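[1] can't give you the sequence, but here's the structure:
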């Protein structure tokens, strides 16, 4: 009996200790939170929780836990914003929870109208590409001897090549002048537009032998893929390319006018004609599907930020209905490791500005569910 009583007492003591160790949920004072917001936060975020400019995030309806963690991050210098760091360092724990409680209890801000979605960005790419089609043909399909096709080309390769021409690194003065003033986002839109085009099958050229050219491409295929369809973002597609351009390019590598180790150094003029003839008649597909450019990225985002992610233990912000420019800026910061989240960096590494802009536009135009 004595042992039983001792056991009961120990159990009661352990239970009491456990209860004492559990942190008590803070008592939220919405009125106090509103007063602090009125005095300190409304100038940028408004009393309704809507950012006063497109670069200031909406806070209305955000999860209180996320808002608390975000304020802690600014206070502790994990997130860098001099004004917010100074402001929040003067808040007590109760102040932080009251502010979060006030903003989280507001009705979400209505979604903004679509500023730029996948279709409009694609149309903008077509407009930028217009300056190139004068030489490279409608939709980038060249039938001009010596002028390369851009249709269906790897977008990353097109971006790099265009930048090199713009910088004068490829030694083409006229093209460098034409590209002056074209920004990075414009280059990306142009490249994505051309990459989504279909290069039709070509008739065999008047020179070279297609069948003889196939075995001569054995070494080329290690980089440029089967039949010239590249699987590497920075390696161009050769399939369906304008044949005279291919001949000129291969000879330029052979003579070291173009620099790339010892590419085709041992090929004769006849062999080069045959290689160009073979690649020119090969079928190719668009390097990207225009209609699917953002859907896969959005699907990744939905794993944490979507309605089906409610059971997740992670504290994440609501991004539906958020300011587009704010989302775009933050995603670029994660991509470029200017904002601390290794997971977000890994997810967004390699995404172009254009793609991030489309994802931001998608979420800005969808209301909070």
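    It's in. Just so we're clear, the structure is a prediction, and the values are computed from it rather than from any experiment.
[2] what does the domain assignment say about this protein?
    As recorded under automatic domain parsing, the domains making up the chain are 30-104, 118-280, 294-364.
[3] show me where pLDDT drops low in the stretch 251-369 of the chain?
    For the stretch 251-369 of the chain, applying pLDDT under 70 flags the ranges 259-265, 289-293, 308-314, 369.
[4] now do the stretch 101-250 of the chain
    For the stretch 101-250 of the chain (pLDDT under 70), the answer is 111-123.
[5] coming back round to it: relative to residue 110, which of the domains of the chain is closest?
    domain 294-364 (7.0 Å; Cβ to Cβ). No exception for glycine: its C-beta is placed from N, CA and C like everyone else's.
[6] follow-up on the earlier one: would you format the domains of the chain as CSV with mean neighbour count and distance to residue 288 included?
    CSV is the format used below for the domains of the chain (neighbours: other Cβ atoms under 10 Å; distance: least, Cβ to Cβ, whole Å):
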stretch, mean neighbour count, distance to residue 288
domain 30-104, 17, 28
domain 118-280, 18, 5
domain 294-364, 17, 10
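[7] Same list, those domains, but as a markdown table with distance to residue 287 please.
    Formatted as a markdown table, the domains of the chain follow (distance: least, Cβ to Cβ, whole Å):
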| stretch | distance to residue 287 |
| --- | --- |
| domain 30-104 | 32 |
| domain 118-280 | 4 |
| domain 294-364 | 13 |
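[8] wait, which of these is closest to residue 286?
    Here domain 118-280 is closest among the domains of the chain (Cβ to Cβ), at 5.0 Å.
[9] which residue sits closest to residue 240 in space, ignoring its chain neighbours?
    Distances taken as Cβ to Cβ, 6 or more residues apart in numbering place residue 199 nearest to residue 240, at 4.0 Å, with adjacent residues excluded.
[10] which residues touch the one you found?
    Going by Cβ atoms under 8 Å, 6 or more residues apart in numbering, residue 199 touches 141, 149, 151, 152, 239, 240, 284.
[11] Surely the second one touches residue 138?
    No - no contact is recorded between residue 149 and residue 138 when judged using Cβ atoms under 8 Å, the distance being 10.9 Å.
[12] shared neighbours, the two?
    With Cβ under 8 Å, 6+ apart, residue 149 and residue 138 have no common neighbours.
[13] re the thing from before, how about the contacts of residue 199, which pair is most distant?
    141 and 239 (13.3 Å).
[14] got a list of what residue 351 touches?
    Residues in contact with residue 351 (Cβ under 8 Å, 6+ apart) are 297, 331, 335.
[15] between those, which is closest to residue 47?
    For those, the nearest to residue 47 is residue 331 (27.7 Å; Cβ to Cβ).
[16] what kind of secondary structure is the closest one in?
    Secondary structure, DSSP: H, G, I helix; E, B strand; the rest coil: residue 331 is helix.
[17] Could you verify my assumption that residue 180 touches residue 167?
    No - Residue 180 lies out of contact with residue 167 (Cβ under 8 Å); the separation is 10.6 Å.
[18] And the residue lying closest to residue 81 once chain neighbours are set aside, how close does it get to residue 208?
    Spatially, and ignoring its direct neighbours in sequence, residue 81 is nearest to residue 74 (6.0 Å; Cβ to Cβ, 6+ apart). Remark: distance between residue 74 and residue 208 (Cβ to Cβ, to the nearest Å) = 65 Å.
[19] Kindly report the same for residue 256.
    From residue 256 across to residue 208, the span is 23 Å (Cβ to Cβ).
[20] go on, residue 134?
    Note on residue 134: its distance to residue 208, by Cβ to Cβ, is 28 Å.
[21] what's the nearest residue to residue 238 if we skip its chain neighbours?
    The nearest residue in space to residue 238 (Cβ to Cβ, 6+ apart) is residue 228, at 3.4 Å.
[22] dump the residue contacts of the one you found.
    With Cβ under 8 Å, 6+ apart, residue 228 has these contacts: 217, 220, 221, 237, 238, 239, 240, 241, 279, 282, 284.
[23] Ramachandran angles for it?
    Residue 228 adopts backbone torsions of phi 90, psi 10, taken as degrees, to the nearest 10.
[24] Test my guess that residue 284 contacts residue 239.
    Yes - here residue 284 reaches residue 239: they are 3.9 Å apart, a contact under Cβ under 8 Å.
[25] shared neighbours, those two?
    With Cβ under 8 Å, 6+ apart as the test, residue 284 and residue 239 both reach 199, 228, 229.
[26] could those go into TSV alongside distance to residue 302?
    Listed next are the shared contacts of residue 284 and residue 239 as TSV, based on distance: Cβ to Cβ, whole Å:
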residue	distance to residue 302
199	34
228	36
229	31
